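S.K.: this one's structure only:
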Ligand code: ATP
Ligand code: MG
């Protein structure tokens, strides 16, 4: 098992470009303190997903450093970070396997009860129970048999089971039905509590709950404040 981290995240002079792409971030700096909820907003293509994907180490900085609890994450293993960070991404990634396996992913010791409790907490239990094979339902390659909203709910349940110090959310922009939308909203409230939360917010209800809102444009933070200030 890995030691728990506190959850400070710091971008120190980070530059980043995708292979064969232009520079998306140029000397980007950001400090998030453990326990804070920080929301990124900004127009499409401004670099929001790039920033949170770097925080999760799905990509690494081309220049500069990302520090977790003051330590450059490149000096640690990927599993060290991934055992402490939970994420729900814009296009949520599920593995071919059952719903149960997908919720348990990253928490080998989770019991059947832990899995069901987590699904209940984020309101995913209800739709899972309606599936013919319930928790034994195969989600298909990439989760193809579920809707985006359902995949996100399964990802929230996974994040609850692993109880990470850091939670990253890239809210889906794709159309999600009103009922699922409500469930996701509820799931967000449950998951953000008691951890560092780094979120890309499209819904006003998510933005309102943030301690800090950062407006991103062309890979730079052009404004910051809380909901009342902006
Ligand atoms: P949205 O609100 O639409 O999700 P975003 O703020 O999340 O947008 P990013 O996805 O971070 O924006 O994209 C920032 C820039 O990087 C864009 O110019 C985009 O075209 C480019 N980009 C994003 N992903 C890749 C990739 N995998 N390869 C090459 N370029 C990419
Ligand atoms: Mg994005």
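M.R.: That came through fine. Owing to the predicted nature of the structure, the values given are computational and were not obtained by experimental measurement. Ligands and ions are numbered 1, 2, ... in the order given.
S.K.: how long is stretch 39-47 end to end?
M.R.: 13 Å (Cα to Cα, to the nearest Å).
S.K.: Next: stretch 208-215.
M.R.: 14 Å.
S.K.: Likewise for stretch 141-157?
M.R.: OK, stretch 141-157 end separation, Cα to Cα: 19 Å.
S.K.: Give me the contacts around that stretch.
M.R.: 87-89, 91-96, 99, 102-103, 115, 118-119, 121-124, 127, 137-140, 172, 174, 176-177, 180-181, 183-184, 187-188, 190-191 (Cβ atoms under 8 Å, 6 or more residues apart in numbering). C-betas here are computed from N, CA, C, even on glycine.
S.K.: From those, keep the buried residues only.
M.R.: Neighbour-count burial (16 or more other Cβ atoms under 10 Å) applied to the contacts of stretch 141-157 gives 87-89, 92, 94, 99, 102-103, 115, 118-119, 121-124, 127, 137, 139, 172, 176, 180, 183-184, 187-188, 191.
S.K.: In helices, which of these fall?
M.R.: 99, 102-103, 115, 118-119, 121, 127, 180, 183-184, 187-188, 191 (DSSP state H).
S.K.: now, which of the residues you listed lie close to ligand 1?
M.R.: Applying Cβ under 6 Å from any ligand atom, the subset of these adjacent to ligand 1 is empty.
S.K.: Check what pLDDT the closest residue in space to residue 33 that isn't next to it in sequence gets.
M.R.: Distances taken as Cβ to Cβ, 6 or more residues apart in numbering put residue 8 closest to residue 33, at 6.0 Å, once the chain neighbours are dropped. Residue 8 carries a pLDDT score of 97 in this model.
S.K.: Quick check: residue 8 touching residue 69?
M.R.: Yes: counting by Cβ atoms under 8 Å, residue 8 touches residue 69, with 5.2 Å between them.
S.K.: Give me the common contacts of the two.
M.R.: Common neighbours of residue 8 and residue 69 (Cβ under 8 Å, 6+ apart) are residue 34.
S.K.: show me what contacts residue 216?
M.R.: Counted by Cβ under 8 Å, 6+ apart, residue 216 has contacts 40-42, 46-48, 51, 222.
S.K.: how about 7 Å then?
M.R.: 40, 42, 46-48 (Cβ atoms under 7 Å, 6 or more residues apart in numbering).
S.K.: Quick one: residues contacting residue 29.
M.R.: Residue 29 touches 11-13, counting by Cβ under 7 Å, 6+ apart.
S.K.: from those, which single one is nearest residue 212?
M.R.: Nearest to residue 212, judged by Cβ to Cβ, of these is residue 11 at 14.1 Å.
S.K.: No more questions from me, cheers.
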